[in-house]
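In: turn this into a structure:
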Amino acid sequence: SRKVFIWSVCCALGFSASPCMAQGYNVFIQKTFSFEEVKANFIFFRALLEKEHPSLYRYSPQDSVQHYLDDAFAKIDHPMNELAVWKLLTPILVKIGSGHTNLHFSTDLLERFVGQKHFYLPFYLSISNNKLFVRKYFSLGPFEIGDEVLSIEGQSSEHIISTFRNLTPGDGYSNAFKDFLLEGEQFQFFFNIIFGEKPQYTVVFKTADGVRTNVIKSIQKINRLAAGYYARKGWAFNDPRLIKSDSLNHSIIRPAAIPSTVIVKISSFKYDDYKSFHRKLFKYLQQNNISNLVIDLRNNLGGDGEVCEDLMSYLSDKKTKLLASCEGAIDVRKSPVLLVKGYIPAHQSQRQVYQIKMAGTKMVSPAKNNFKGKLYFFVNGGTFSAASLLVTAIKGQGDCTVIGQENGGGKSGTDGALIPKFTLPQTELVLDMPLLWGNSMIQGKNDGFGLKPDIEFIPTNEQLYQYAAKGVDPFLGELERIINQ
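Out: Residues are numbered from 1 along each chain as shown. Have a look, this model is predicted:
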């Protein structure tokens, strides 16, 4: 049977109580826990981190992490509801610097929230240089794509960004993955929970014509827990006749304006037909003398490492591997079933480092029809987990050109592979916690940031408008410029 090796992410969508929270959300906060119950919840949470998390002290020294935990525990001196507990614990996870480590609300709370219509801001925002800009809108209003947002409901953009980043786990010290998540539905969701849900919002915009204040009407919709943001639509130049596949996670583009070039868009490394798809793809590239291959991994949050390994075999003419090594704070080979059920090994009183042999650490031989032309990658803050590891693996062992923005996944490696869900007692909050860390194939000191592109490309406001209005991907124009050079 096929061994499953997964480096992927589950996005955290969290609530946080606020004095100005709209009354409509209070119906979802039905239970309050005594401070004794909250303390018991915290003790279990802390034990999980201290005994099992592979990166607990990777980006913050041990005494700092202990201070974060002690300080949070000292604040438990009164009854709290589920939202308040989430707000207490989540910033600790953010400080650890593991984008795969997320705290979710109880099934009971989510079931009561999901399916209900709520008011939301009528646009998505992009984050650039700690400023907010309109990226996409869902209803007409006194704003355009590219307008800067100075404040919403009296909250400055700087304060909003800082608050939301402190509630969004990411890898290391980087904001790339955090900002990627916040540039979608999560921003709307966080704003309502923290600052209040309203049928209209007062927004201060800054444009070339000056600063203006507008009251804008909200949109009303059912929150889809951000899933819709990661769905890719509207690709121009899609040619379904090129390679037939039942998968929605990969597609092929043969841009007419760029000769001898194929772009492979992979939205997730979770497609069961990967062996046949890769074999047909690279046979096609060889038969049609394709000299430029682009692997588009923007917004790819990861998936199965074995899919990445199979793809890697076609991207190099020498032996390669996805990971330099894999390690954990516990020996997952001894009690994997118990670990998944939320068991904490009582026999292990002190943290240790165990070297674990995983599928990603084996050498991969080159495939028969391996690509011998020029290789490019499109990346952004949403290039995370297995997708990020693939780019760093090729960059560290071969020749490729990376175009876009900083990877969301860490350049030196990332947590993942085994990510059990632990249900915390009393509150029933659910903790996604990875048990393994994978060292990437890029050697050197871990600086806590993602892989920087060889060619940074940030679309202009006009390009973003054309993409939103007509589906014209600005990366294609940049690719044409690069290849023609």
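
In: which parts of the stretch 301-450 of the chain are helices?
Out: For the stretch 301-450 of the chain, applying DSSP state H, counting those that start in this stretch gives helices covering 305-312, 336-340, 386-397.

In: output those helices as TSV; include the columns mean pLDDT.
Out: Putting these into TSV (pLDDT from 0 to 100) gives the following:
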stretch	mean pLDDT
helix 305-312	93
helix 336-340	46
helix 386-397	95
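
In: for the protein, which spans come out with low pLDDT?
Out: Within the chain, the stretches with pLDDT under 70 are 1-30, 111-115, 223-248, 334-350, 468.

In: so in it, which helix runs the longest?
Out: Longest helix in the chain by number of residues (criterion: DSSP state H): helix 35-52.

In: buried stuff in that one?
Out: Neighbour-count burial for helix 35-52 flags 37-38, 40-42, 44-46, 48-52 (criterion: 16 or more other CB atoms under 10 Å). Every C-beta, even on glycine, is put in place using the N, C-alpha and C of the backbone.

In: over to stretch 274-292?
Out: Buried residues in stretch 274-292 (16+ other CB under 10 Å): 274, 277, 278, 280, 281, 282, 284, 285, 290, 292.

In: ok, residues contacting the helix or strand containing the second one?
Out: Right, residue 277. Here residue 277, judged by DSSP states H and E, is contained in helix 274-287. Here helix 274-287 makes contact (CB atoms under 8 Å, 6 or more residues apart in numbering) with 242-243, 245, 247, 250, 252, 262, 264, 271, 290, 293, 304, 306-307, 310-311, 313-314, 367, 369-371, 373.

In: of those, keep whichever come out buried.
Out: Members of those classed as buried by 16+ other CB under 10 Å are 242-243, 245, 250, 252, 262, 264, 271, 290, 293, 304, 306-307, 310-311, 313-314, 367, 369-371.

In: inside strands: which ones of those residues?
Out: 250, 252, 262, 264, 293, 304 (DSSP state E).

In: ok, now how distant is the third one from residue 412?
Out: With the distance defined as CB to CB, to the nearest Å, residue 262 ends up 31 Å from residue 412.

In: export the helices of the stretch 301-450 of the chain to JSON lines and tack on distance to residue 465?
Out: As requested, these are exported to JSON lines (distance: least, CB to CB, whole Å):
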{"stretch": "helix 305-312", "distance to residue 465": "34"}
{"stretch": "helix 336-340", "distance to residue 465": "47"}
{"stretch": "helix 386-397", "distance to residue 465": "27"}
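
In: what count of nearby residues applies to residue 485?
Out: By other CB atoms under 10 Å, 5 other residues sit near residue 485.

In: could you measure from it over to residue 378?
Out: 17 Å.

In: likewise for residue 393?
Out: 16 Å.

In: residue 84 now?
Out: Separation of residue 84 from residue 378 (CB to CB): 41 Å.

In: before we move on, what about residue 441?
Out: Residue 441 is 20 Å from residue 378, by CB to CB.

In: one more: residue 360?
Out: To residue 378, residue 360 is 23 Å away according to CB to CB.

In: of residue 84 and residue 378, who's got more company?
Out: Comparing residue 84 with residue 378 by other CB under 10 Å, the one with more neighbours is residue 378, at 27 against 21.

In: just the endpoints, please. Distance across stretch 107-119?
Out: From its first residue to its last, stretch 107-119 covers 22 Å (CA to CA, to the nearest Å).

In: then stretch 202-218?
Out: 10 Å.

In: from the centre of the chain, give me the residue that's furthest out.
Out: residue 287 (36.1 Å; CA atoms, centre = their mean).

In: want to try JSON lines for the buried residues of helix 35-52, with distance to residue 481 as columns?
Out: Output for the buried residues of helix 35-52, formatted as JSON lines (distance: CB to CB, whole Å):
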{"residue": "37", "distance to residue 481": "60"}
{"residue": "38", "distance to residue 481": "56"}
{"residue": "40", "distance to residue 481": "59"}
{"residue": "41", "distance to residue 481": "54"}
{"residue": "42", "distance to residue 481": "54"}
{"residue": "44", "distance to residue 481": "54"}
{"residue": "45", "distance to residue 481": "50"}
{"residue": "46", "distance to residue 481": "52"}
{"residue": "48", "distance to residue 481": "49"}
{"residue": "49", "distance to residue 481": "47"}
{"residue": "50", "distance to residue 481": "51"}
{"residue": "51", "distance to residue 481": "52"}
{"residue": "52", "distance to residue 481": "48"}
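
In: now, which of the residues you listed sits nearest residue 73?
Out: Using CB to CB, residue 42 comes nearest to residue 73 of those, at 5.7 Å.

In: so what's the spatially closest residue to the closest one that is not a sequence neighbour up against?
Out: Excluding its sequence neighbours, the residue lying closest to residue 42 (CB to CB, 6 or more residues apart in numbering) is residue 73, at 5.7 Å. Listed by CB under 8 Å, 6+ apart, the contact partners of residue 73 are 39, 42, 46.

In: quick check: the last one touching residue 69?
Out: Yes. Checked against CB atoms under 8 Å, the pair residue 46 and residue 69 is within contact range at 5.5 Å.

In: where does residue 188 land in three-state SS?
Out: helix (DSSP: H, G, I helix; E, B strand; the rest coil).

In: what ranges do the strands span in the stretch 51-200 of the chain?
Out: With strands called from DSSP state E, counting those that start in this stretch, the stretch 51-200 of the chain shows them at 80-81, 102-104, 117-120, 123-128, 131-137, 148-152, 155-156, 200-207.

In: can you say which of these is nearest to residue 464?
Out: strand 131-137 (6.4 Å).

In: what strands line up against that closest one, and which way round?
Out: strand 123-128 (antiparallel), strand 148-152 (antiparallel) (DSSP bridges).

In: select, out of these, the one closest to residue 478.
Out: strand 123-128 (17.1 Å).

In: mind listing what's buried along the closest one?
Out: In terms of neighbour count (16+ other CB under 10 Å), strand 123-128 has its buried residues at 123, 124, 125, 126, 127.

In: for the last one, give me its contacts.
Out: The neighbours of residue 127, taking CB under 8 Å, 6+ apart as the test, are 133, 161, 175, 179, 182, 183.

In: in CSV, list these along with distance to residue 197.
Out: Formatted as CSV, the contacts of residue 127 follow (distance: CB to CB, whole Å):
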residue, distance to residue 197
133, 23
161, 20
175, 26
179, 23
182, 18
183, 20
